[in-house]
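> the amino acid sequence is not available; the structure is as follows:
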C-alpha cells in the first residue's frame, strides 16, 4: 500500500464508513436486498456520478497533468442499468465544489476510483442475491481492468501529490464523502416524507 493511500484511508475512514452504512446503500450487501432497493441505490447515485464526472472532465488542470478520466467514466453504465430497471434517476440538488489545487483533485479522484474498486465486490454480492439477469454494468464497471486502473491512479497520485500536500488531498476526499452522504440523507428524507403523505392519503381516501 502506498503511503498516500494509507494516509487517505486513515483520514477518511469515519466518513467512508458512514457512507457505506447509509440506509440507501447498506442493503446492497444484504441477503434481503430487493430489486426495488437496488434500483433506489442506483437512482440515488446517478446524480452524484453525473455531476462528479462532469466536473472532472471539465478540468484543464487534470488534462495538463496527464490524467485522462474519459476511459474511467461510469455514469453511462449507471444510466444503462437504470434504463434496464425502468427507473428514473433522482436529482442532485447541490453542485459539487471544484477542487482548488492538484492535491484536492487527488483526494476527489481517490473517492471515485476507490468506489470503482469496491464496486467489484458489490457486483458479486448483488448477483448472488438478485440473480444473473440483474443489470450490473455500473458496479461491474471496468471488469478485469479495474485493479490495473486503480494502480495507475495511485502511481499518478503519488507522482503529483508530495507528502506535504497529503492533508489537502484528505480534505478533498473527505469533502466528496460528506457531499455524497448529505445528498443521500436529503433523498432519504424526501422519500420518507412522500411515503408518509401517501399513507395518510390512503388512510383518508
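Here it is on my side, so go on. Everything numeric in this text was worked out from a predicted model, so none of it was measured. Residues are numbered from 1 along each chain as shown.

> avg pLDDT for the helix or strand harbouring residue 177?
Assigned by DSSP states H and E, residue 177 falls within helix 166-204. Averaging pLDDT along helix 166-204 yields 73.

> before we move on, what about stretch 88-107?
Here the average pLDDT along stretch 88-107 is 88.

> buried residues, it. List them.
Residues 89, 90, 92, 96, 99, 102, 103, 104, 105, 106, 107 are the ones in stretch 88-107 that count as buried (16 or more other Cβ atoms under 10 Å). Any C-beta I mention is one placed from the backbone N, CA and C, and that applies to glycine too.

> restricted to helices, list these.
Under the assignment DSSP state H, those contribute 102, 103, 104, 105, 106, 107 to helices.

> quick one, what contacts the fifth one?
Just to be clear, that refers to residue 106. 4, 157, 160, 161, 169, 172 (Cβ atoms under 8 Å, 6 or more residues apart in numbering).

> cool, and the last one?
Applying Cβ under 8 Å, 6+ apart, one finds that residue 107 lies in contact with 8, 99, 168, 169, 170, 171, 172, 173, 174, 175, 176.

> quick one: which of the ones in helices among the buried residues of stretch 88-107 is nearest residue 35?
Nearest to residue 35 among these: residue 107, at 34.4 Å, using Cβ to Cβ.

> just the helices in the chain please.
Using DSSP H, the helices of the chain run over 3-20, 35-57, 60-64, 75-85, 102-130, 137-140, 146-160, 166-204.

> out of those helices, which comes closest to residue 26?
Taking the helices of the chain one by one with Cβ to Cβ, helix 3-20 is closest: 7.3 Å.
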